[in-house]
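> model this:
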Amino acid sequence: MAIQIKPETEQLVQAEIQSGRFHSIDELIVEGVQAWREIHRAKQPAAGPRRQAVEQALAFARDRAIDLGGVSIKELIHEGHHL
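Reported below is the predicted structural model:
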């Protein structure tokens, strides 16, 4: 990918690499994008924790799936009500 940047931006990038904080332009861009994502997530007050909880629940279900022998959870609950 070819990108065009202002001379001031190029000087800033070169200064960061020469200082040793970053080893390459790619590393600097990756760090910048990750920082932007963190800031962006922090600005979404309730969506982040809810999304994370849903992702954790889905991962839990996927990793610990229990074979119910073809019976759905709904059918299992229905049977439980008859006991």
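
> domain map for the protein?
Using automatic domain parsing, the domain ranges for the chain come out as 1-43, 47-83.

> all helices for the chain, in order.
Secondary structure of the chain, counting by DSSP state H: helices at 7-19, 25-42, 47-63, 73-81.

> packing partners for the first one?
Identification of packing neighbours for helix 7-19 by 3 or more Cβ pairs under 8 Å, 6 or more residues apart in numbering; DSSP states H and E yields helix 25-42. C-beta coordinates here come from the backbone N, C-alpha and C atoms, glycine included.

> relative to helix 47-63, how tilted is the helix it packs on?
Per axes from the mean of the first three to the mean of the last three Cα atoms, to 10 degrees, the angle that helix 25-42 makes with helix 47-63 is 100 degrees.

> list the helices and strands helix 25-42 packs on?
helix 7-19.

> mind saving the C-alpha coords of the helix it packs on as PDB?
C-alpha atoms of helix 7-19 as PDB (Å, rounded to 0.1, in the frame of the first residue of the first chain):
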ATOM      1  CA  PRO A   7       6.400  16.500   5.300                       C
ATOM      2  CA  GLU A   8       5.700  17.300   9.000                       C
ATOM      3  CA  THR A   9       4.200  13.900   9.500                       C
ATOM      4  CA  GLU A  10       7.100  12.200   7.900                       C
ATOM      5  CA  GLN A  11       9.500  14.100  10.200                       C
ATOM      6  CA  LEU A  12       7.500  13.100  13.200                       C
ATOM      7  CA  VAL A  13       7.600   9.400  12.100                       C
ATOM      8  CA  GLN A  14      11.300   9.500  11.400                       C
ATOM      9  CA  ALA A  15      12.000  11.100  14.800                       C
ATOM     10  CA  GLU A  16      10.000   8.400  16.600                       C
ATOM     11  CA  ILE A  17      11.900   5.600  14.700                       C
ATOM     12  CA  GLN A  18      15.300   7.300  15.300                       C
ATOM     13  CA  SER A  19      14.500   7.700  19.000                       C
END
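
> got the contact list for that helix?
Ile5, Phe22, His23, Ser24, Ile25, Leu28 (Cβ atoms under 8 Å, 6 or more residues apart in numbering).

> between those, which sits nearest Val54?
Val54 lies nearest to Leu28 out of the contacts of helix 7-19, by Cβ to Cβ, at 32.7 Å.
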